[in-house]
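Q: please work out how this folds:
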Amino acid sequence: MSYESAVVYIVEDDESFRPALCHVLEARGFNVQAFPDAESFMQLPGEPGPGCLLLDVHLPGLNGLDLHAHLMKKCPSLPVIFLTAHGDINMSVDAMKKGAFDFLVKPVRSELLAAAIQHAFDHNLRLRQEHAEMRDLTARYESLSPREKEVMALVVSGRMNKQTAAELGITERTIKAHRAQIMTKMQLESLADLVRAAGRLMIDPSGTRS
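A: Residues are numbered from 1 along each chain as shown. Sure, this is the predicted structure:
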């Protein structure tokens with residue numbers, strides 16, 4: 001993800017504050033998409049793209065806290081920055097405990113708002129990169145045959161080739177061939193790399209993912 005493609009999504013029902021907020025952010029070079037309520041935001045096709053969400057707490061219909069709870073299940077990588085009035089601070093702190101990225105009290109200075117958005121973009125970029133790496137690692141693991149998965153699980157648990165061969169009832173030569181195939185398919189260079197990959201995939205000694 002590049003910052004050029006990132007979007008500041010805004011869900012704010014105040015008909016005067018929303019366009020003013022858009023103007024301030026666009027003047028600072030941000031891409032902005034604004035919505036008057038949670039329902040219109042949820043009509044976006046698919047998941048929101050890279051960026052962050054500025055979310056008012058009090059909205060008509062589905063309120064900001066409910067929308068945040070929904071997003072935590074649907075797209076938890078999207079950072080949510082709550083925009084709150086002074087009386088909503090305790091509510092916003094509780095939302096942060098439940099995964100919100102930040103909260104800002106209205107009226108918010110443009111410098112503070114821009115800095116919070118930039119931090120949210122950085123966070124979103126890291127999460128998206130991590131998720132992309134995990135999807136790629138999972139795809140490589142799923143390309144292994146059932147036998148190769150068994151061998152991998154035993155190898156990363158510390159078994160020697162001879163022990164693995166005895167446990168699976170095959171020859172040590174076959175184990176070596178499987179290990180070579182595993183390293184090729186997983187696109188890894190060393191046993192240490194394989195152990196780290198197995199840890200990320202949460203593979204137990206039976207060859208299944210927990």
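
Q: every contact and neighbour count from this point should use C-alpha atoms.
A: Will do.

Q: which residues touch the residue nearest to Asn63 when sequence neighbours are not counted?
A: Excluding the flanking residues, the one nearest Asn63 by C-alpha to C-alpha, 6 or more residues apart in numbering is Val57, at 6.2 Å. By C-alpha atoms under 8 Å, 6 or more residues apart in numbering, the contact set of Val57 is 63-65, 82-84, 88, 92.

Q: now do the contacts for the residue nearest in space to the middle of the chain.
A: Among the residues of the chain, the one closest to the centroid is Ser77, at 3.5 Å (C-alpha atoms, centre = their mean). Shown in contact with Ser77 (C-alpha under 8 Å, 6+ apart): 124, 127-128.

Q: in helices only, show me those residues.
A: Judged by DSSP state H, the contacts of Ser77 include 124, 127-128 as members of helices.

Q: just the residues you listed now: which is nearest Phe41?
A: For the ones in helices among the contacts of Ser77, the residue nearest Phe41 by C-alpha to C-alpha is Asn124; the value is 18.6 Å.

Q: what's the pLDDT at that closest one?
A: Predicted confidence (pLDDT) for Asn124: 91.

Q: ok, Leu54 next?
A: Model confidence at Leu54, expressed as pLDDT, equals 96.

Q: surely it meets Leu78?
A: No. Judged on C-alpha atoms under 8 Å, Leu54 makes no contact with Leu78 at a distance of 10.6 Å.

Q: neighbour count for the two, which is higher?
A: Higher neighbour count among Leu54 and Leu78: Leu78, with 26 against 22, using other C-alpha atoms under 10 Å.

Q: show me what contacts the residue of the chain most remote from its centre?
A: Checked against the mean C-alpha position of the chain, the extreme residue using C-alpha atoms, centre = their mean is Thr171, at a distance of 42.3 Å. By C-alpha under 8 Å, 6+ apart, the contact list for Thr171 reads Ala165.

Q: please apply the same query to Glu12.
A: Applying C-alpha under 8 Å, 6+ apart, the residues contacting Glu12 are 18, 34-37, 55-56, 59.

Q: who wins on neighbours among those?
A: Greatest neighbour count in the contacts of Glu12, by other C-alpha under 10 Å, goes to Leu55: 27 neighbours.

Q: buried ones in stretch 37-54?
A: Residues of stretch 37-54 classed as buried by neighbour count (16 or more other C-alpha atoms under 10 Å): 37-39, 41, 48-54.

Q: same question but for stretch 157-175, I mixed them up
A: In stretch 157-175, counting by 16+ other C-alpha under 10 Å, buried: 161, 164-165, 172, 175.

Q: closest one of the residues you listed to Leu144?
A: Using C-alpha to C-alpha, the buried residues of stretch 157-175 come closest to Leu144 at Ile175, 14.0 Å.

Q: other SSEs contacting the helix or strand harbouring the closest one?
A: Using DSSP states H and E, Ile175 maps to helix 172-186. Helices and strands touching helix 172-186, by 3 or more C-alpha pairs under 8 Å, 6 or more residues apart in numbering; DSSP states H and E, are helix 110-142, helix 146-156, helix 161-168.

Q: could you chop the chain up by domain?
A: 3-129, 143-201 (automatic domain parsing).
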